[in-house]
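*Asks:* sharing a model that was predicted from the sequence below.
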Amino acid sequence: MSLPDFAIEARGLVKTYPASRTGPAKTALKGVDIAIPRGSIFGLLGPNGAGKSTFINILAGLVNKTEGEVKIWGVDIDAQPRSARAAIGVVPQEIAADVFFTPRESMNTQAGLYGVPRAERRTDEILAALGLGDKADAYVRQLSGGMKRRLMVAKAMVHNPPVLILDEPTAGVDVELRRQLWTYVQALNDQGVTIVLTTHYLEEAQALCDTIAIINRGEVVACEPTGDLLRRFDSRAVIITPKVALDTAPDLGTFDARLRPDGRLVINFKADETGIEDVLEAVRAAGVGIKDLTTEEPDLEDVFLALTYNDPTAVSPTAF
Ligand code: ADP
C-alpha cells in the first residue's frame with residue numbers, strides 16, 4: 001500500500017455527549033475537518049473545554065463519534081477499527097504507571113496487549129532512545145516524574161506506530177523536562193514518525209510544531225503552517241475600563257472591540273500596523289470615556305475570539 005498523504009483525516013466530525021445527571025447534552029465537536037500531513041509535527045491548540053481531548057479520544061477509540069468520518073493512516077476507523085488503531089500510539093495526559101513493574105516488564109505487557117511477537121519487540125532500543133536504558137530493570141516507583149513520562153512515550157511506541165499522539169505532554173512539568181521531551185519528539189519525527197500533540201502552551205507549539213490547528217468551542221478556527229499563524233498572533237490588545245458601563249461593544253470602525261463579561265473592552269490590533277494612539281482615538285470618537293487602560297499580549301482565547309470575529313465567511317446578522 002502506498003503511504004497516505006495524511007496521517008489522520010477527519011471530515012465533518014461531530015461529538016455530542018448525551019445529557020446526564022451531571023449536565024445537559026454537550027456538543028464537544030461541531031463538524032470538525034482536520035487533515036494532518038504525514039511526517040508533520042502537528043499541534044492541536046485550544047483553551048480548556050475546546051474539544052481537544054474529545055478528538056484524541058475518538059482517534060484512540062475511547063470515545064465514539066456521533067457523526068463524520070475519520071481515517072488513520074488511510075484506514076477508516078469504522079470499517080477497520082483494529083488496523084486503524086494499530087497505526088497510532090497514544091500517550092495519555094495522566095501518568096498511569098504500574099509501580100510494581102520495571103520499565104522492561106511494563107513494555108512487555110504493553111507489547112503483549114498489541115500482539116507484538118517477542119522476536120519483534122524493540123524494548124531495549126526504545127528505552128534507550130528515551131534515555132531509560134539504564135533504568136530498564138528498576139522499579140517504576142523509583143523513577144522520577146520525568147522518567148515516568150518518558151516511559152509513557154516508550155509504551156506508546158511498542159507496536160512501532162507511524163503516528164504518535166501526545167495529549168498535553170508537558171502539562172505541569174518543569175522547563176528542563178519540557179525541553180528534553182521536545183528533543184525526543186523531534187528525534188522521533190526525524191525518524192519519520194508523525195507527531196500530533198495537544199497543548200495549551202503557545203510556546204510549546206511554536207517551538208515544535210510545523211502545522212497548527214486551533215480549536216475553540218468544538219470548531220476549528222484556524223489550521224495552517226505555524227509561521228503563518230504566528231504572524232496573526234503578532235497582535236496586541238488594549239483593555240479599557242469604560243467610565244460608564246456599556247451594554248454592547250461600540251463600533252470602532254476598522255478595530256474589533258469586544259466586551260468582556262467583567263465590563264472591560266478588549267481591542268486587538270496589529271502592533272506593526274497601528275499605534276495605540278489610533279486605537280484610543282477610535283475609542284474617543286465612539287464616545288467612550290476611559291477610566292483605566294492596560295495593554296497586554298492577548299492570550300489564546302483573545303486571539304481565538306479575534307480569529308472567529310474576523311472570519312470573512314461569517315455573515316454579520318446586521319447584513320440582513
Ligand atoms: P479539551 O480537551 O479541549 O479541554 P474536552 O474534549 O475535554 O476539551 O471537552 C470538550 C467539551 O465536552 C467540554 O465542554 C467538556 O465539558 C465536554 N465533555 C468532555 N467529556 C465529556 C463527557 N464524558 N461527558 C459530557 N461532557 C463532556
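*Replies:* Looks like it arrived, so ask away.
*Asks:* C-alpha from now on. contacts and neighbour counts both.
*Replies:* OK.
*Asks:* ok now stretch 229-244, how far from the chain's centre?
*Replies:* Here stretch 229-244 is found 23 Å from its chain centre; the criterion is Cα atoms, centre = their mean, to the nearest Å.
*Asks:* return the set of buried residues in it.
*Replies:* Neighbour counts over stretch 229-244 (16 or more other Cα atoms under 10 Å) mark 229, 233, 235-242 as buried.
*Asks:* looking at G31 now. What's its pLDDT?
*Replies:* We have a pLDDT of 97 for G31.
*Asks:* again with the one 4 residues further on
*Replies:* pLDDT recorded at A35 is 96.
*Asks:* which strand or helix spans it?
*Replies:* Using DSSP states H and E, A35 sits within strand 26-37.
*Asks:* residues in contact with P117?
*Replies:* A111 (Cα atoms under 8 Å, 6 or more residues apart in numbering).
*Asks:* distance of it relative to the ligand?
*Replies:* 34 Å (Cα to the nearest ligand atom, to the nearest Å).
*Asks:* look up which residues are beta-bridged to P242.
*Replies:* I290 (DSSP bridges).
*Asks:* thinking again about what came up before, biggest separation within the buried residues of stretch 229-244, which pair?
*Replies:* Within those, L229 and P242 form the most distant pair, 31.3 Å apart (Cα to Cα).
*Asks:* that older thread, need the buried residues of stretch 229-244 in a markdown table (columns: distance to the ligand, pLDDT and secondary structure).
*Replies:* Shown next, in a markdown table, are these (distance: Cα to the nearest ligand atom, whole Å; pLDDT from 0 to 100; DSSP: H, G, I helix; E, B strand; the rest coil):
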| residue | distance to the ligand | pLDDT | secondary structure |
| --- | --- | --- | --- |
| L229 | 19 | 77 | helix |
| F233 | 20 | 65 | helix |
| S235 | 24 | 70 | strand |
| R236 | 24 | 78 | strand |
| A237 | 24 | 83 | strand |
| V238 | 27 | 90 | strand |
| I239 | 26 | 93 | strand |
| I240 | 29 | 95 | strand |
| T241 | 30 | 96 | strand |
| P242 | 31 | 96 | strand |
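*Asks:* closest to E9 out of the residues you listed?
*Replies:* The nearest one, if we look at those relative to E9 and count by Cα to Cα, is L229, at 20.6 Å.
*Asks:* is the ligand contacted by the strand holding A35?
*Replies:* Yes: using Cα under 6 Å from any ligand atom, a contact is recorded between strand 26-37 and the ligand, made by 26, 28.
*Asks:* in its sheet, what does that strand sit against?
*Replies:* strand 6-17 (antiparallel).
*Asks:* starting at the chain centroid, how far to the partner strand?
*Replies:* Using Cα atoms, centre = their mean, the offset of strand 6-17 from its chain centre is 14 Å.
*Asks:* now it: mean pLDDT?
*Replies:* Strand 6-17 comes out at a mean pLDDT of 98.
*Asks:* in that strand, which residues are buried?
*Replies:* For strand 6-17, by 16+ other Cα under 10 Å, it's 6-10, 13-17.
*Asks:* how about those in CSV, adding distance to the ligand?
*Replies:* Shown next, in CSV, are these (distance: Cα to the nearest ligand atom, whole Å):
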residue, distance to the ligand
F6, 22
A7, 21
I8, 18
E9, 18
A10, 15
L13, 13
V14, 11
K15, 8
T16, 8
Y17, 5
